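Visitor: Pasted the sequence and its predicted model underneath.
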Amino acid sequence: MERWIGKIMNRLEKRLAKRREAQIRKMRMRIERPKSMIPLIRSSKKYHDWYKEVLARSCYRCAICEAPLELEAIQIHHKIPVSKIIKDNRLINFRQALDCKELWDLENGIALCFNCHAEKHPDITFF
């Protein structure tokens, strides 16, 4: 009986090890692929600091229509898209993204209201 239980436990341990390896591979792929870096970048503290600086520089007004921005309606537009910066600078991981000066350039961001941002991206549906 103990031998049988030992075999079952070994099988379970092997399955768990394979699952862990698969999860680690997926995480590495997310970090190493540029498109999947964008959510990591946008959730970083450095991005949030950059975002706040762009807003402060705009005095919380839309850069196009100059309407005062309400907190719910604030959107930051990248003049050069993040994906293009990643591609042009050949960034392959999150650390490189954090060190990329072009990505964090305040001149690349402008504060926009919802309507003006939607006009900049007619091909994207904003909610």
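Guide: Thanks, I have the structure now.

Visitor: What's the separation between Ser92 and Lys101?
Guide: Careful, residue 92 is Ile and not Ser. Distance of Ile92 to Lys101, computed by Cβ to Cβ, to the nearest Å: 17 Å. Placement of C-beta: from N, CA and C, glycine included.

Visitor: residues of the helix or strand where Ile110 lies that come out buried?
Guide: Assignment of secondary structure by DSSP states H and E places Ile110 within strand 109-112. Buried residues in strand 109-112, defined by neighbour count with 16 or more other Cβ atoms under 10 Å: 109-112.

Visitor: same deal with stretch 54-62?
Guide: Those would be 54-55, 58, 62, for stretch 54-62 by 16+ other Cβ under 10 Å.

Visitor: Just send those residues back as JSON lines, with pLDDT, distance to Asp105 and secondary structure too.
Guide: Output for the buried residues of stretch 54-62, formatted as JSON lines (pLDDT from 0 to 100; distance: Cβ to Cβ, whole Å; DSSP: H, G, I helix; E, B strand; the rest coil):
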{"residue": "Val54", "pLDDT": "92", "distance to Asp105": "10", "secondary structure": "helix"}
{"residue": "Leu55", "pLDDT": "87", "distance to Asp105": "15", "secondary structure": "helix"}
{"residue": "Ser58", "pLDDT": "89", "distance to Asp105": "15", "secondary structure": "coil"}
{"residue": "Cys62", "pLDDT": "89", "distance to Asp105": "20", "secondary structure": "coil"}
